[in-house]
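Engineer: Following is a predicted model, sequence given first.
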Amino acid sequence: MTIDTFEGKDIQHLRDTNFPIVDPDTGNPVRFPRFGIDLDTDVLTASATYGLTDDLDLSVTVPILYSDFALHIVQFSTAGEMRADVSSSKTGVGPMPGA
């Protein structure tokens, strides 16, 4: 699953050019002419069933999630221009059905 939009806007081309966002460390006004996000999530569902009797089965389902996140920023302030590209990924057990 790929997230493409946020509030109807393409997440690759988000921007905030309005002042004043104030940097809490320096007190300088900051604007973000480019703010892009990549977010992809893959889901694998593992399931097992065991027959307890001829008429009764026990089933367990475990969703495994892999998420890949990347952030691309261009920031302008009175101190100059800053560019940053950050990424991270994580694998883990997702929410359990019926829990």
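Structural biologist: Arrived safely. Quick caveat: nothing in here was measured; it's all calculated off a predicted structure.
Engineer: What is the subsequent helix or strand relative to the helix or strand encompassing Leu65?
Structural biologist: Using DSSP states H and E, Leu65 falls within strand 57-77. Of the helices and strands lying after strand 57-77 in sequence (DSSP H and E), the nearest is strand 80-93.
Engineer: So what's the model's average confidence on that next one?
Structural biologist: For strand 80-93, mean pLDDT is 87.
Engineer: Ok, stretch 54-63 next?
Structural biologist: In this model, stretch 54-63 has a mean pLDDT of 92.
Engineer: Can you get me the centre-to-centre distance for it and its chain?
Structural biologist: Relative to the chain's own centre, stretch 54-63 is displaced by 32 Å; criterion: C-alpha atoms, centre = their mean, to the nearest Å.
Engineer: what's in contact with that stretch?
Structural biologist: 43-52, 93-97 (C-beta atoms under 8 Å, 6 or more residues apart in numbering). Quick note: C-beta positions are derived from backbone N, CA and C, even for glycine.
Engineer: The residue lying closest to Asp23 once chain neighbours are set aside sits in which helix or strand?
Structural biologist: Closest residue to Asp23 apart from its sequence neighbours, by C-beta to C-beta, 6 or more residues apart in numbering: Val30 at 5.2 Å. Using DSSP H and E, Val30 sits within strand 29-51.
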